[in-house]
Structure formats: structure tokens, C-alpha cells
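**Student:** pasting the structure only:
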């Protein structure tokens, strides 16, 4: 069982959701975050004072998927989220030790 | 069918009105013009007196209606106008503290005004302060006070002035926003009203006031709606308070971004509309002087927006909404003393200059000297008011207001000097009185919140409240 975390541009969320739905993925978590990698921020100005805003709004998706689907999911996310510019984001893959369904205590890959 | 009926109704109405008019013009019965007797004359004189009373009552009603409306508009300038204007400019963790300061002053200053404030400002006294004749509003009722206005109840005048007394301390809260104890603020403001506001008001507008041009003051000063009383006093007192209390933690290195310009914008619009009550209401009547002051106020505001934004656009590259609303306020501050004495074109000049001067005060001078006047009360109100008082001496015109005085444009060069003298008095009074009040309150109860309280935010630490609870509510 694998966890996929994807940091993407907020404007790409709809496209990524649609792409995931198209390959049959129904569960995901979406978080509003701020951050940056190499992307520069912008300046704002208030009564003549300049402020550097370098933490930019991003969307983070978290999904837990079966090992067989991992590459398909990563490809779907990357293709939907890509613009070719700095700031497109990143995908992180990590291992999940256990998944438990709260409703009926089902465990393992069937609980995903 | 509806149009036919409406036309018929209008025609019938016209016939009725015309016949009523003709009926009133009918001569006294039983007399021809060549044989008017003494008793006819008596009756005619009685009818003329009745007509005059009716006309006077109508004028009083009109004046009183406008004055009560103006008073309500000025109160609206504090709540929610100023409360929102300031509220949006502070960080989210302190917005409730800003709202609470303005609102609490609406309550506390009103009561203080009724008990002793009005009397100290407007009762008989000496050249510098009033007396206790009107303690607890004694003698302030339905009858006009002829020293102030012949057509409105003295109580209306008191109510109108009360709203000025409310907003002036509320303006000062902008200087020490985000770091002043609420309890200390209340005590400080009560002292400040008595030490600073009441004497200035008495000198400029009170009976026998030193600067009261309409009642033979030794230094006849033109201040239509409070360039000294409201703007300079609040602005200079704010500078004193900001310097005495010191800077906010992290100022100026950390970023202090307004948490909601939408809220500030809303407040600024309410200030613009409310200012018509502030300035046009200072005509103390519903006649053409109110129109003149209304016009001057509006055009000054408009020109000041352009002035500030023009500077911003050229110097910073983009115009901002914070700049635009700040410009509007600067223009209205500057026109406040001039509004009933100048024409619309000079009003535009005053506004334009104020927009540009205050832009430089706020963006350059403050940074250079490093004081933390958090919401720029000195830069906008203090300096805008000073500029406005001086320009009043330049542009005042007896053609605009025959009951006023002439300024430089009508060849009277002394008025600018008198204006400068009154500005000096206002500055000294604000400096001395504010410092005294701050020291007293500081020694008794301390002025500033603790470092941890300031970090955690005043909304939580002073009021146990959260401004935007929806952000953490899930159900």
C-alpha cells in the first residue's frame, strides 16, 4: 500500500481530480497549503511599504492506493497538473504500513 | 386607462390647489381697499405675524431635520465607518480589539459628554474653558441657545457636537492599535477629553472662546467643522501616544499586512458619506451654506483620491485601493476646517494638495523617523488638518459665506497668520495634555499589554473572542 502526496498549482485541481476519476480512483484528501520550491514569490505594497510574499498558495493531494495502481496514478496526476513552468509542483511516494476501515474494521489493501 | 385616470387626478388636484390659493388671497370681508379701518389693520398684522411664525417653524423644522440627520451620519462615521476602516488594517488577531475600542468610546464618551463634557466645551466660562452651567445637560432643552443657533433646539446642537466628541478619541486609537490595554485606553480617553478636547472646543466654538471668530475671540480663527478640534488634536495626540508607547513587537522589520482591505474599503466609503453630516451639518442649518459645505467636502475628497493615486502610480508603479481610500480621507480631513468658507474650485485644490502631502507623510516621513503610528493618524489627520487650517486662511471667501471672514484670495493676509496661531495652540495643547494623560494612566495602571499578550493577539487576551470563528468551526 502506497501513499502519494502531490503538491500542485491550485488552478490544476479540477483537471487532476477529473484525471483521477477517469482511472477509477475515488478516494483522495485535498489540503490548502502554502509553500515554494524554486518558484519566486511576488511583492505586495501597503501605504508605500513593500512586502515580499514568498509562500505561495498550493494544493496538496494525498491518496493511498494499491501498489499496482501507483504508476498509473502518478502519471495521471503529473500529466494533468503539468504546465511546463517552474511552480508545477512535486509528487512524493511513501510506504503505508496499515490501512483500517473505521466502519467495519476491515484491514489491508481491501480497506483502501 | 391608468394614464387617463392619473391625468384626471392631476387636473383635479391642480384645480383644488389653485382655488385654495385664491381663497387665501381674498380680501377681508366687507371692506374695499380705499376704506381700511384700524381694526382691519390689527387683523392684517395678526395674520402677518401668524404667517411669520409658520415660516419660522418651517425653517426650524427643516434645520432640525437636517441637524439630527447630520448627527446620525457623524455617529455612523465612528461606528461602523472608522471601526471598519481601522479594523481591516490591523492583523486578524486584533480586529475585535479595534472594533471594541471604537464602540466602547461611542458609549463612554456619550455619557461623559452628557454629564460634564458638553458643559466644559459650550457653557459660559472664560476664553479657554466653559463652566458647569450645563452639568447633566441642565438647561439644554427644546429652546434654541441663541449663541449657537437660533433655529434648532439647544439639545440638537448638543447631540450634534456629541458625535464629534465621540469620533475624535476614536481616531487616536489608530496610533496605538494592537498594543494598548483596553482598560487603560478608557481611562486615558476620559482624561484626554477633559484636558484637551473640551478646552480646544471651547476656544474655537464656545461662548467667549479665544479663537471664536463669530463671538469676538481675540484670535479670530476659521474652523468650520473641526480642523483643530478633531483633526489636529487627534493627529498630534496620536504622534505623542505612538512615541510614548513605543513600537509594536517586530516593527518595522516584520510584515504588518492589513488583514482585510475589503473591510477597510467599506469603512472608508461610510466615512465619505458620513462626512457630509460632519461638514455640511456644521452649517447648523439646512440652507445654502450646508450645500456649499457639502460641495466642498465632496470635491476635496475626489481630488485627494486623484492626488494620492497619482503619486502612487508614478512612484510605485501601480495605484492601490488602500492608497485611494487613504487619499479620500486625507482630502476630507483637510477640507474640514475650510468646508463652509471656500468655493468648490479651491476645495479641489485643497484636496489635491492634501492627497499628495499625506501620501508623502505616510510613505516617506514615517519610515524616515521610524515612529510606529500604526494606522497613520498623524500623517493623515494631524498633517492634513494642519494643511487644511492654513489653506482655509488662503481660500476663505466672504462671497461664499458672508458670515465668515476673508482669506488671502480676497486680499486679507492676516487670516493665514491667525490660522497659524490657532494651529500652534492646538499642537501645544495636544502635546502637553496628551503627555500628561499618558503619564498619569501609565503610572496608575500601565498602558501597554504584556509581550505575550501582544504576540497572542488582543482579541483573545483582552476579550476572549475570535473574530472569524467560521474558520475553525466545522459544525
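**Tutor:** Noted; the coordinates are in hand. Note that the coordinates shown come from a computational prediction; the quantities given were computed from them, not determined experimentally.

**Student:** Assign the residue of the stretch 201-350 of chain B found nearest chain A to one of the three secondary structure states.
**Tutor:** Residue nearest to chain A within the stretch 201-350 of chain B: residue B:255 (4.7 Å; Cβ to the nearest Cβ). Every residue, glycine included, has its C-beta placed from N, CA and C. What DSSP: H, G, I helix; E, B strand; the rest coil gives for residue B:255 is coil.

**Student:** Apart from its neighbours in sequence, what residue is nearest it?
**Tutor:** In this structure, residue B:255 finds its nearest non-sequential neighbour in residue A:51, 4.7 Å apart by Cβ to Cβ, 6 or more residues apart in numbering or on different chains.

**Student:** Next: residue A:70.
**Tutor:** Nearest non-adjacent residue to residue A:70, counting by Cβ to Cβ, 6+ apart: residue A:2, 4.9 Å away.

**Student:** now swap in residue B:96 and tell me
**Tutor:** Excluding the flanking residues, the one nearest residue B:96 by Cβ to Cβ, 6+ apart is residue B:459, at 4.0 Å.

**Student:** Centre of the chain to the helix or strand that contains the one you found, how far?
**Tutor:** With secondary structure defined by DSSP states H and E, residue B:459 is part of helix B:458-463. Put simply, helix B:458-463 sits 30 Å off its chain's centre (Cα atoms, centre = their mean, to the nearest Å).

**Student:** in chain A, what residue is nearest chain B?
**Tutor:** Counting by Cβ to the nearest Cβ, chain A gets nearest chain B through residue A:48, at 2.7 Å.

**Student:** And the residue lying closest to that residue once chain neighbours are set aside, how far from residue B:373?
**Tutor:** Spatially, and ignoring its direct neighbours in sequence, residue A:48 is nearest to residue B:363 (2.7 Å; Cβ to Cβ, 6+ apart). Distance of residue B:363 to residue B:373, computed by Cβ to Cβ, to the nearest Å: 13 Å.

**Student:** mind checking pLDDT for residue 56?
**Tutor:** All of this is about chain A. We have a pLDDT of 94 for residue A:56.

**Student:** Can you look at chain B instead?
**Tutor:** Looking at residue B:56, its pLDDT stands at 90.

**Student:** Repeat that for residue B:454.
**Tutor:** The model's pLDDT for residue B:454 equals 98.

**Student:** State the distance from it to residue B:348.
**Tutor:** On the measure of Cβ to Cβ, residue B:454 and residue B:348 end up 43 Å apart.

**Student:** And the two? Which one has more around it.
**Tutor:** Taking neighbours as other Cβ atoms under 10 Å in any protein chain shown, residue B:454 and residue B:348 compare with residue B:348 leading, 23 against 18.

**Student:** so the more buried one touches residue B:297, yeah?
**Tutor:** No. The pair residue B:348 / residue B:297 is not scored as a contact, 11.4 Å apart, by Cβ atoms under 8 Å.

**Student:** related to what we said a few turns ago, identify all contacting residues around the helix holding residue B:459.
**Tutor:** Contact partners of helix B:458-463, identified using Cβ atoms under 8 Å, 6 or more residues apart in numbering or on different chains, comprise B:93-97, B:100, B:178-179, B:181-182, B:449, B:452-453, B:465-467.

**Student:** any idea of the mean pLDDT in it?
**Tutor:** Here the average pLDDT along helix B:458-463 is 98.

**Student:** picking that back up, run a quick neighbour tally on the residue nearest to residue B:96.
**Tutor:** For residue B:459, the tally of surrounding residues (other Cβ under 10 Å) stands at 23.

**Student:** now do residue B:50
**Tutor:** Residue B:50: 10 surrounding residues under other Cβ under 10 Å.

**Student:** what's the next secondary structure element after the helix or strand hosting it?
**Tutor:** Secondary structure from DSSP H and E places residue B:50 in helix B:38-76. Once helix B:38-76 ends, the next helix or strand along the chain (criterion: DSSP H and E) is helix B:83-87.

**Student:** Residue B:398 is in contact with residue B:407, correct?
**Tutor:** No. Contact criterion Cβ under 8 Å: residue B:407 and residue B:398 do not qualify, at 9.0 Å.

**Student:** of these two, who's got more company?
**Tutor:** Counted by other Cβ under 10 Å, residue B:407 and residue B:398 do not tie: residue B:407 has more neighbours, with 26 against 14.

**Student:** Excluding covalently adjacent residues, which one is nearest to that one?
**Tutor:** In space, and not counting its chain neighbours, residue B:407 is closest to residue B:396: 3.3 Å by Cβ to Cβ, 6+ apart.

**Student:** What of residue B:225?
**Tutor:** Counting by Cβ to Cβ, 6+ apart, the residue nearest residue B:225 is residue B:282, at 3.9 Å.

**Student:** so who does the one you found touch?
**Tutor:** Contacts for residue B:282 (Cβ under 8 Å, 6+ apart) come out as B:224-226, B:293, B:339-340.

**Student:** neighbour-wise, which of these leads?
**Tutor:** Most surrounded of the contacts of residue B:282: other Cβ under 10 Å gives residue B:339, at 35 neighbours.

**Student:** quick one: secondary structure of that one?
**Tutor:** Residue B:339 ends up coil, using three-state DSSP.

**Student:** And residue A:6, by the same measure?
**Tutor:** Residue A:6 is classified as strand under three-state DSSP.

**Student:** Next, count neighbours for it.
**Tutor:** Neighbour number of residue A:6 under other Cβ under 10 Å is 25.

**Student:** residues contacting it?
**Tutor:** A:16, A:60-63, A:77, A:81, A:89-92.

**Student:** Against residue B:319, how distant is it?
**Tutor:** With distances taken as Cβ to Cβ, residue A:6 is found 38 Å from residue B:319.

**Student:** Residue B:219 too?
**Tutor:** When residue B:219 is compared with residue B:319 (using Cβ to Cβ), they lie 41 Å apart.

**Student:** Give me the packing partners of the one helix or strand in chain A whose mean pLDDT sits lowest, helices and strands only.
**Tutor:** Taking mean pLDDT, DSSP states H and E as the measure, strand A:49-53 is the helix or strand of chain A with the lowest mean score, a mean of 89. Packing partners of strand A:49-53 (3 or more Cβ pairs under 8 Å, 6 or more residues apart in numbering or on different chains; DSSP states H and E): strand A:42-46.
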